[in-house]
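Colleague: this one's sequence-less:
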(Lines give C-alpha, C1' and ligand atoms only; values in the text may rest on other atoms or scores of the structure.)
Protein backbone atom coordinates (compact mmCIF):
# COMPACT_ATOMS: atom_id res chain seq x y z
CA UNK A 1 0.00 0.00 0.00
CA UNK A 2 1.33 3.43 -0.98
CA UNK A 3 2.03 5.74 1.96
CA UNK A 4 2.28 9.42 1.05
CA UNK A 5 5.49 11.01 2.41
CA UNK A 6 6.86 14.56 2.44
CA UNK A 7 9.24 13.81 -0.44
CA UNK A 8 6.32 12.72 -2.62
CA UNK A 9 4.94 16.25 -2.50
CA UNK A 10 8.00 17.63 -4.29
CA UNK A 11 8.20 14.72 -6.73
CA UNK A 12 4.57 15.17 -7.73
CA UNK A 13 5.06 18.92 -8.16
CA UNK A 14 7.98 18.25 -10.52
CA UNK A 15 5.94 15.64 -12.38
CA UNK A 16 3.02 18.06 -12.84
CA UNK A 17 5.34 20.82 -14.06
CA UNK A 18 6.88 18.47 -16.63
CA UNK A 19 3.41 17.50 -17.88
CA UNK A 20 2.19 21.10 -17.99
CA UNK A 21 5.32 22.16 -19.89
CA UNK A 22 5.06 19.25 -22.31
CA UNK A 23 8.39 17.65 -21.51
CA UNK A 24 11.75 17.87 -19.81
CA UNK A 25 13.30 20.59 -21.97
CA UNK A 26 10.62 23.21 -21.36
CA UNK A 27 10.36 22.22 -17.67
CA UNK A 28 14.05 23.01 -17.04
CA UNK A 29 13.49 26.76 -17.14
CA UNK A 30 10.32 26.51 -15.04
CA UNK A 31 11.95 24.34 -12.35
CA UNK A 32 15.43 25.88 -12.64
CA UNK A 33 17.07 22.44 -12.66
CA UNK A 34 18.76 20.40 -15.38
CA UNK A 35 17.21 17.65 -17.49
CA UNK A 36 19.27 14.94 -15.81
CA UNK A 37 18.01 16.03 -12.38
CA UNK A 38 14.43 16.09 -13.63
CA UNK A 39 14.90 12.60 -15.08
CA UNK A 40 16.24 11.38 -11.74
CA UNK A 41 13.23 12.80 -9.88
CA UNK A 42 10.82 11.27 -12.38
CA UNK A 43 12.49 7.87 -11.99
CA UNK A 44 12.22 8.16 -8.21
CA UNK A 45 8.52 8.95 -8.47
CA UNK A 46 7.92 5.99 -10.79
CA UNK A 47 9.73 3.73 -8.36
CA UNK A 48 7.70 5.12 -5.46
CA UNK A 49 4.43 4.51 -7.30
CA UNK A 50 5.51 1.26 -8.90
CA UNK A 51 4.41 2.21 -12.40
CA UNK A 52 5.71 3.92 -15.53
CA UNK A 53 4.29 7.42 -15.87
CA UNK A 54 5.56 8.56 -19.24
CA UNK A 55 7.39 7.71 -22.41
CA UNK A 56 10.34 9.86 -23.40
CA UNK A 57 12.76 9.55 -26.27
CA UNK A 58 12.57 9.98 -30.02
CA UNK A 59 8.78 10.05 -29.97
CA UNK A 60 8.87 12.94 -27.50
CA UNK A 61 7.21 13.22 -24.12
CA UNK A 62 3.96 11.29 -23.69
CA UNK A 63 2.03 10.19 -20.62
CA UNK A 64 1.04 6.57 -20.18
CA UNK A 65 -2.55 5.77 -19.22
CA UNK A 66 -1.45 5.40 -15.60
CA UNK A 67 0.52 8.63 -15.89
CA UNK A 68 -2.67 10.41 -16.96
CA UNK A 69 -4.44 8.96 -13.94
CA UNK A 70 -1.67 10.05 -11.55
CA UNK A 71 -1.61 13.53 -13.09
CA UNK A 72 -5.37 14.03 -12.63
CA UNK A 73 -5.21 12.62 -9.09
CA UNK A 74 -2.31 14.94 -8.22
CA UNK A 75 -4.28 17.96 -9.43
CA UNK A 76 -7.14 17.00 -7.13
CA UNK A 77 -4.70 16.47 -4.27
CA UNK A 78 -3.12 19.90 -4.55
CA UNK A 79 -6.51 21.57 -5.02
CA UNK A 80 -7.61 19.94 -1.76
CA UNK A 81 -4.42 21.12 -0.02
CA UNK A 82 -5.08 24.68 -1.20
CA UNK A 83 -8.63 24.50 0.10
CA UNK A 84 -7.39 23.17 3.45
CA UNK A 85 -4.93 26.06 3.70
CA UNK A 86 -7.75 28.50 2.98
CA UNK A 87 -9.94 26.83 5.62
CA UNK A 88 -7.23 27.12 8.25
CA UNK A 89 -6.62 30.74 7.34
CA UNK A 90 -10.35 31.48 7.62
CA UNK A 91 -10.25 30.25 11.21
CA UNK A 92 -7.98 33.22 11.84
CA UNK A 93 -10.10 35.48 9.62
CA UNK A 94 -7.36 35.76 6.99
CA UNK A 95 -7.87 35.86 3.23
CA UNK A 96 -5.17 33.55 1.98
CA UNK A 97 -4.89 30.44 -0.17
CA UNK A 98 -6.12 29.91 -3.73
CA UNK A 99 -9.01 31.14 -5.84
CA UNK A 100 -9.37 29.14 -9.06
CA UNK A 101 -11.74 30.73 -11.56
CA UNK A 102 -13.12 29.32 -14.79
CA UNK A 103 -14.28 31.93 -17.32
CA UNK A 104 -16.06 31.55 -20.63
CA UNK A 105 -14.12 33.68 -23.12
CA UNK A 106 -16.93 36.15 -23.82
CA UNK A 107 -17.29 36.89 -20.10
CA UNK A 108 -13.80 38.40 -20.31
CA UNK A 109 -14.30 40.45 -23.48
CA UNK A 110 -17.69 41.87 -22.42
CA UNK A 111 -17.08 45.30 -20.80
CA UNK A 112 -20.44 45.00 -19.01
CA UNK A 113 -19.50 41.74 -17.32
CA UNK A 114 -19.28 42.17 -13.53
CA UNK A 115 -16.25 39.83 -13.55
CA UNK A 116 -13.78 42.69 -13.96
CA UNK A 117 -15.22 44.80 -11.15
CA UNK A 118 -15.56 41.77 -8.86
CA UNK A 119 -11.86 40.93 -9.18
CA UNK A 120 -10.98 44.59 -8.62
CA UNK A 121 -13.15 44.75 -5.50
CA UNK A 122 -11.65 41.54 -4.16
CA UNK A 123 -8.10 42.81 -4.60
CA UNK A 124 -8.91 46.02 -2.75
CA UNK A 125 -9.20 43.82 0.34
CA UNK A 126 -6.21 42.88 2.44
CA UNK A 127 -5.47 39.42 1.05
CA UNK A 128 -2.67 37.04 0.17
CA UNK A 129 -4.68 34.98 -2.32
CA UNK A 130 -3.20 33.33 -5.41
CA UNK A 131 -5.72 33.77 -8.23
CA UNK A 132 -5.65 31.45 -11.24
CA UNK A 133 -7.91 31.86 -14.26
CA UNK A 134 -8.76 29.14 -16.76
CA UNK A 135 -10.45 29.94 -20.08
CA UNK A 136 -11.64 26.73 -21.70
CA UNK A 137 -14.58 24.94 -23.26
CA UNK A 138 -17.60 24.89 -20.99
CA UNK A 139 -17.74 21.10 -20.59
CA UNK A 140 -14.07 20.96 -19.56
CA UNK A 141 -14.59 23.65 -16.93
CA UNK A 142 -17.73 21.94 -15.60
CA UNK A 143 -15.71 18.75 -15.12
CA UNK A 144 -12.94 20.61 -13.28
CA UNK A 145 -15.54 22.31 -11.10
CA UNK A 146 -17.11 18.97 -10.16
CA UNK A 147 -13.64 17.57 -9.38
CA UNK A 148 -12.84 20.50 -7.10
CA UNK A 149 -10.04 21.89 -9.27
CA UNK A 150 -12.03 25.07 -9.95
CA UNK A 151 -13.90 26.97 -7.26
CA UNK A 152 -16.42 28.60 -9.58
CA UNK A 153 -17.15 29.02 -13.28
CA UNK A 154 -18.68 32.09 -14.92
CA UNK A 155 -20.41 31.36 -18.19
CA UNK A 156 -23.54 30.45 -20.13
CA UNK A 157 -25.04 27.08 -19.19
CA UNK A 158 -27.83 25.97 -21.56
CA UNK A 159 -27.58 22.52 -19.96
CA UNK A 160 -27.71 22.40 -16.16
CA UNK A 161 -25.89 19.67 -14.17
CA UNK A 162 -27.45 18.28 -10.99
CA UNK A 163 -24.19 18.52 -9.02
CA UNK A 164 -23.84 22.29 -9.52
CA UNK A 165 -25.55 25.41 -8.23
CA UNK A 166 -26.28 28.23 -10.68
CA UNK A 167 -26.77 31.88 -9.77
CA UNK A 168 -27.91 34.20 -12.57
CA UNK A 169 -25.80 37.33 -12.99
CA UNK A 170 -26.45 39.01 -16.37
CA UNK A 171 -27.46 38.48 -19.98
CA UNK A 172 -25.39 39.03 -23.09
CA UNK A 173 -26.96 40.22 -26.35
CA UNK A 174 -26.29 38.02 -29.38
CA UNK A 175 -26.71 39.13 -33.01
CA UNK A 176 -26.22 37.54 -36.43
CA UNK A 177 -23.28 38.78 -38.50
CA UNK A 178 -21.76 38.36 -41.96
CA UNK A 179 -18.38 39.48 -43.32
CA UNK A 180 -17.83 42.22 -45.90
CA UNK A 181 -17.08 39.58 -48.57
CA UNK A 182 -20.37 37.79 -47.97
CA UNK A 183 -23.23 38.21 -50.50
CA UNK A 184 -25.53 39.54 -47.74
CA UNK A 185 -23.17 42.35 -46.79
CA UNK A 186 -24.30 44.72 -49.57
CA UNK A 187 -27.99 43.85 -49.37
CA UNK A 188 -30.31 46.35 -47.65
CA UNK A 189 -32.05 44.98 -44.52
CA UNK A 190 -35.52 44.97 -46.14
CA UNK A 191 -34.21 42.73 -48.91
CA UNK A 192 -33.14 39.95 -46.52
CA UNK A 193 -35.60 37.33 -45.27
CA UNK A 194 -35.12 34.79 -42.49
CA UNK A 195 -36.04 32.04 -44.94
CA UNK A 196 -33.17 33.08 -47.23
CA UNK A 197 -30.60 32.74 -44.44
CA UNK A 198 -30.89 28.94 -44.36
CA UNK A 199 -29.34 28.90 -47.85
CA UNK A 200 -26.05 30.27 -46.53
CA UNK A 201 -23.27 28.45 -44.67
CA UNK A 202 -23.60 28.78 -40.89
CA UNK A 203 -20.89 28.64 -38.22
CA UNK A 204 -22.06 27.77 -34.72
CA UNK A 205 -20.70 27.11 -31.25
CA UNK A 206 -21.65 23.87 -29.53
CA UNK A 207 -23.04 25.41 -26.33
CA UNK A 208 -25.54 27.55 -28.28
CA UNK A 209 -26.02 25.35 -31.33
CA UNK A 210 -29.64 24.38 -30.72
CA UNK A 211 -30.71 27.98 -30.14
CA UNK A 212 -28.73 29.38 -33.05
CA UNK A 213 -29.77 26.80 -35.66
CA UNK A 214 -33.44 27.02 -34.67
CA UNK A 215 -33.42 30.79 -35.24
CA UNK A 216 -31.92 30.30 -38.69
CA UNK A 217 -34.34 27.47 -39.50
CA UNK A 218 -31.55 25.07 -40.39
CA UNK A 219 -30.77 21.62 -39.01
CA UNK A 220 -26.97 21.50 -39.09
CA UNK A 221 -24.01 23.85 -38.89
CA UNK A 222 -21.52 23.96 -41.75
CA UNK A 223 -18.69 24.80 -39.34
CA UNK A 224 -18.27 24.51 -35.59
CA UNK A 225 -15.93 26.33 -33.20
CA UNK A 226 -15.07 26.24 -29.51
CA UNK A 227 -14.36 29.93 -28.87
CA UNK A 228 -15.64 33.34 -29.89
CA UNK A 229 -12.45 34.46 -31.67
CA UNK A 230 -12.49 31.45 -33.99
CA UNK A 231 -16.14 32.12 -34.76
CA UNK A 232 -15.46 35.74 -35.65
CA UNK A 233 -12.53 34.67 -37.82
CA UNK A 234 -14.71 32.34 -39.90
CA UNK A 235 -17.44 34.95 -40.28
CA UNK A 236 -14.86 37.49 -41.43
CA UNK A 237 -13.82 35.18 -44.29
CA UNK A 238 -17.15 35.97 -45.96
CA UNK A 239 -17.98 32.27 -46.19
CA UNK A 240 -20.26 31.98 -43.16
CA UNK A 241 -22.94 33.77 -41.20
CA UNK A 242 -23.05 33.31 -37.45
CA UNK A 243 -24.09 34.75 -34.11
CA UNK A 244 -21.63 36.70 -31.96
CA UNK A 245 -21.94 38.60 -28.68
CA UNK A 246 -22.97 42.11 -29.71
CA UNK A 247 -20.11 43.76 -27.84
CA UNK A 248 -17.66 41.53 -29.73
CA UNK A 249 -19.24 41.75 -33.19
CA UNK A 250 -19.75 45.50 -33.09
CA UNK A 251 -15.99 46.06 -32.84
CA UNK A 252 -15.71 44.55 -36.33
CA UNK A 253 -18.80 46.43 -37.53
CA UNK A 254 -17.07 49.71 -36.60
CA UNK A 255 -14.05 48.73 -38.70
CA UNK A 256 -16.22 47.78 -41.69
CA UNK A 257 -15.39 44.07 -41.46
CA UNK A 258 -18.80 42.78 -40.30
CA UNK A 259 -22.47 43.62 -40.65
CA UNK A 260 -25.30 42.78 -38.25
CA UNK A 261 -28.22 41.04 -39.99
CA UNK A 262 -31.85 41.62 -38.91
CA UNK A 263 -30.92 42.35 -35.26
CA UNK A 264 -34.50 43.20 -34.26
CA UNK A 265 -35.76 39.87 -35.61
CA UNK A 266 -32.90 37.48 -34.86
CA UNK A 267 -31.21 39.04 -31.85
CA UNK A 268 -31.41 37.14 -28.57
CA UNK A 269 -29.80 37.12 -25.14
CA UNK A 270 -27.71 34.39 -23.48
CA UNK A 271 -28.05 34.16 -19.71
CA UNK A 272 -24.78 34.02 -17.75
CA UNK A 273 -24.41 32.38 -14.34
CA UNK A 274 -21.90 31.78 -11.59
CA UNK A 275 -21.70 28.00 -11.15
CA UNK A 276 -20.43 26.41 -7.93
CA UNK A 277 -20.31 22.84 -6.69
CA UNK A 278 -23.14 21.56 -4.49
CA UNK A 279 -22.51 20.07 -1.07
CA UNK A 280 -19.13 21.72 -0.52
CA UNK A 281 -18.44 24.13 2.33
CA UNK A 282 -17.21 27.42 0.92
CA UNK A 283 -13.89 28.79 2.07
CA UNK A 284 -13.65 32.36 3.34
CA UNK A 285 -11.84 33.26 0.10
CA UNK A 286 -14.61 31.88 -2.08
CA UNK A 287 -17.43 33.37 0.02
CA UNK A 288 -15.75 36.77 -0.02
CA UNK A 289 -15.24 36.71 -3.79
CA UNK A 290 -18.88 35.72 -4.37
CA UNK A 291 -19.93 38.61 -2.12
CA UNK A 292 -17.83 40.99 -4.22
CA UNK A 293 -19.29 39.48 -7.38
CA UNK A 294 -22.83 40.17 -6.21
CA UNK A 295 -21.89 43.75 -5.29
CA UNK A 296 -20.40 44.20 -8.76
CA UNK A 297 -23.60 42.94 -10.42
CA UNK A 298 -25.97 45.91 -10.68
CA UNK A 299 -29.49 44.44 -10.69
CA UNK A 300 -30.78 47.52 -12.55
CA UNK A 301 -28.24 47.08 -15.37
CA UNK A 302 -28.55 43.38 -16.16
CA UNK A 303 -31.81 41.86 -17.29
CA UNK A 304 -32.46 38.21 -18.01
CA UNK A 305 -34.29 37.98 -21.35
CA UNK A 306 -34.36 34.19 -21.79
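Modeller: Received it, and whenever you're ready, just let me know what you need. Every value quoted in this text rests on a predicted model; they were computed, and no experiment measured them.
Colleague: quick one, domains of this protein?
Modeller: Using automatic domain parsing, the domain ranges for the chain come out as 6-72, 93-170+271-296, 172-269.
Colleague: what distance separates the start and the end of the shortest one?
Modeller: In this case it means domain 6-72. 19 Å (C-alpha to C-alpha, to the nearest Å).
Colleague: can you give me the offset of it from its chain's centre?
Modeller: 26 Å (C-alpha atoms, centre = their mean, to the nearest Å).
Colleague: Same check on the longest one?
Modeller: Distance of domain 93-170+271-296 from the chain centroid (C-alpha atoms, centre = their mean) equals 10 Å.
Colleague: pLDDT of it, averaged?
Modeller: Domain 93-170+271-296 carries an average pLDDT of 90.
Colleague: which residues in the chain form helices?
Modeller: 6-21, 24-31, 35-49, 65-91, 105-109, 115-123, 138-147, 194-197, 209-215, 228-236, 246-254, 263-266, 284-296 (DSSP state H).
Colleague: So which elements touch the second one?
Modeller: Under the contact criterion of 3 or more C-beta pairs under 8 Å, 6 or more residues apart in numbering; DSSP states H and E, the helices and strands touching helix 24-31 comprise helix 6-21, helix 35-49. Glycine gets a C-beta too; all of them are placed from N, C-alpha and C.
Colleague: before we move on, the earlier item: could you dump the domains of the chain into a markdown table and include distance to residue 78 and mean neighbour count?
Modeller: What follows is the domains of the chain, written out as a markdown table (distance: least, C-beta to C-beta, whole Å; neighbours: other C-beta atoms under 10 Å):
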| stretch | distance to residue 78 | mean neighbour count |
| --- | --- | --- |
| domain 6-72 | 8 | 15 |
| domain 93-170+271-296 | 9 | 17 |
| domain 172-269 | 27 | 17 |
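Colleague: so can I have CSV of those domains showing distance to residue 80?
Modeller: Output for these, formatted as CSV (distance: least, C-beta to C-beta, whole Å):
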stretch, distance to residue 80
domain 6-72, 13
domain 93-170+271-296, 7
domain 172-269, 29
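Colleague: so what's residue 62 bridging to?
Modeller: Per DSSP bridges, the residues bridged to residue 62 are residue 55.
Colleague: my guess is it contacts residue 68, does it?
Modeller: No: counting by C-beta atoms under 8 Å, residue 62 stays clear of residue 68, with 10.0 Å between them.
Colleague: got a list of what residue 42 touches?
Modeller: Residue 42 makes contact with 14-15, 18, 53-54 under the criterion C-beta atoms under 8 Å, 6 or more residues apart in numbering.
Colleague: gap between it and residue 152?
Modeller: Distance of residue 42 to residue 152, computed by C-beta to C-beta, to the nearest Å: 34 Å.
Colleague: same thing with residue 47?
Modeller: Look at residue 47 and residue 152: by C-beta to C-beta, they are 38 Å apart.
Colleague: do the same with residue 229
Modeller: Taking C-beta to C-beta as the measure, residue 229 falls 23 Å from residue 152.
Colleague: can you check residue 10 too?
Modeller: Counting by C-beta to C-beta - residue 10 and residue 152 are separated by 29 Å.
Colleague: Who's the closest spatial neighbour of residue 263, skipping the chain neighbours?
Modeller: In this structure, residue 263 finds its nearest non-sequential neighbour in residue 175, 4.7 Å apart by C-beta to C-beta, 6 or more residues apart in numbering.
Colleague: what bridges to that neighbour?
Modeller: Bridge pairing for residue 175 (DSSP bridges) gives the partners residue 244.
Colleague: In contact with it, which residues?
Modeller: Neighbours of residue 175 in contact, by C-beta under 8 Å, 6+ apart: 243-244, 246, 249, 260-261, 263, 266-267.
Colleague: distance of residue 136 from residue 101?
Modeller: 11 Å.
Colleague: what does residue 116 give?
Modeller: 12 Å.
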